[in-house]
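*Asks:* structure here, sequence nowhere to be found:
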C-alpha cells in the first residue's frame, strides 16, 4: 500500500509516518510545505528507509500536487497539513483560511481527478482520510457532556472555524462526487517532537530555563489529552478499517484542567531534574489574561472507534506525560535547534522537487 501524507513533518504527521514505516511494509510519501512548525528532524530515525519519500510542496499549489499524486500513485491520502495554533489564528487568521480551507479544497480536487482516472478496483479501495480536531465542536458547559460524532459544530476561534470549514468540504466531496472519504476529530495531542509553542513542551522548556510558566485565566480549562503515538495507531486503524463516509472521534480518556497538567509537569521535573535552589518548579507558575473566545471544556466520546474498530488508547495521562517529560529531558538538543531556528536554516539543502 502507498500512503500519501500531507503535513508529515508536523507533530502528528511525523508520528503517523514513523508508525507506518516501523510497523508495516507500506510506502509513504510525505508532502509538507515546511512552515515554521514543520521539522524534518522529527523523521530522522526513519528517513533512510527506502519506503519513505519527501516532497516539499504547498497544498495550495495545484500543479505540484497533481504531479506528486500522479507520480506516486497513492492508495490512501491522509490529510494533516494545517495551520493549528489558536493564538496565531487570532493574531493573523489569513494563513489559516488559505491553508486549512483553500488548501483542503485544492487537495480534494487534485485527489478527485486522480481517483476518477483509477480502474474500478482501485477506485473502490482508495481512501481519503481527513484528520481534524475536536475544537470544531466549540466547548462543553457541563461536567459530564461529551462530544460525539453527531455533535453540532460551533467553532470559537479562526483556527477551529477554518478546520470546521475543511471538514464540511471533505464531506461535501463525498456526498456530491462520491470521493471515498473518512473524517477523524481528535482531542489535544501531546508527546515527543511537539513544537515548543504548545502548552506541554512550552512548560517543560520554560521551567528548565527558570522562566515563568504562563497559565491563561484561572487555569481551569479542561482538555482531553491524547498521547500522540496512541493517536498514530488510531489513524492507521481508521485508514485501514474505517467505513467510507463515516466520522470517528479519537480521545485519550484523560480529562485534565490546564493547571493540573502544569502542576504534574512541575512534579515530574522536581523528581527527574531538581532545581539547584531546591525550589519546586511550581513556584514559576504565573497567571495571565485569558485569550479571547477561550473554550472552557473539551471532552471526547470515543466509544464509536472502540466498538466498531477495536481501538483504545494504551497510555494513561500519567504514563504518557512521564514519557513526554523524559523525552524532552533527553532531547534538549532537538529543542534548542527549534528554539534558535537552526532546524529551518538546515532546510536549504532539502530537495525542492
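*Replies:* In hand now; what should we look at? Note that the coordinates shown come from a computational prediction; the quantities given were computed from them, not determined experimentally.

*Asks:* just the strands in the protein please.
*Replies:* 2-6, 27-32, 52-56, 76-79, 127-133, 181-186, 188-190, 213-216, 222-227, 247-250, 255-257, 285-288 (DSSP state E).

*Asks:* now those as a markdown table including mean neighbour count?
*Replies:* Using the backbone N, CA and C atoms, a C-beta is placed for each residue, glycine as well. Listed next are the strands of the chain as a markdown table, based on neighbours: other Cβ atoms under 10 Å:
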| stretch | mean neighbour count |
| --- | --- |
| strand 2-6 | 24 |
| strand 27-32 | 26 |
| strand 52-56 | 19 |
| strand 76-79 | 26 |
| strand 127-133 | 24 |
| strand 181-186 | 25 |
| strand 188-190 | 23 |
| strand 213-216 | 19 |
| strand 222-227 | 24 |
| strand 247-250 | 24 |
| strand 255-257 | 18 |
| strand 285-288 | 13 |
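
*Asks:* turn these into a markdown table, including mean pLDDT and distance to residue 308.
*Replies:* A markdown table is the format used below for the strands of the chain (pLDDT from 0 to 100; distance: least, Cβ to Cβ, whole Å):
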| stretch | mean pLDDT | distance to residue 308 |
| --- | --- | --- |
| strand 2-6 | 98 | 22 |
| strand 27-32 | 98 | 26 |
| strand 52-56 | 98 | 30 |
| strand 76-79 | 98 | 19 |
| strand 127-133 | 98 | 15 |
| strand 181-186 | 98 | 12 |
| strand 188-190 | 96 | 22 |
| strand 213-216 | 91 | 36 |
| strand 222-227 | 94 | 18 |
| strand 247-250 | 98 | 8 |
| strand 255-257 | 93 | 23 |
| strand 285-288 | 94 | 41 |
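
*Asks:* Serialize those strands to a markdown table and add fields for distance to residue 21.
*Replies:* Shown next, in a markdown table, are the strands of the chain (distance: least, Cβ to Cβ, whole Å):
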| stretch | distance to residue 21 |
| --- | --- |
| strand 2-6 | 10 |
| strand 27-32 | 6 |
| strand 52-56 | 6 |
| strand 76-79 | 14 |
| strand 127-133 | 17 |
| strand 181-186 | 20 |
| strand 188-190 | 19 |
| strand 213-216 | 35 |
| strand 222-227 | 19 |
| strand 247-250 | 21 |
| strand 255-257 | 31 |
| strand 285-288 | 39 |
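
*Asks:* which pLDDT value belongs to the residue lying farthest from the centre of the chain?
*Replies:* Largest separation from the mean C-alpha position in the chain: residue 277, at 36.9 Å (Cα atoms, centre = their mean). In this model, residue 277 is scored at 94, pLDDT.

*Asks:* also residue 352?
*Replies:* pLDDT for residue 352: 27.

*Asks:* ditto for residue 142
*Replies:* At residue 142, the model reports a pLDDT of 71.

*Asks:* go on, the one 3 residues further on?
*Replies:* pLDDT, the model's per-residue confidence, is 89 for residue 145.

*Asks:* check contacts around the residue nearest to it when sequence neighbours are not counted.
*Replies:* Spatial nearest neighbour of residue 145, excluding adjacent residues (Cβ to Cβ, 6 or more residues apart in numbering): residue 299 at 7.0 Å. Counting by Cβ atoms under 8 Å, 6 or more residues apart in numbering, residue 299 touches 140, 145, 146, 147, 187, 222, 224, 251, 255.
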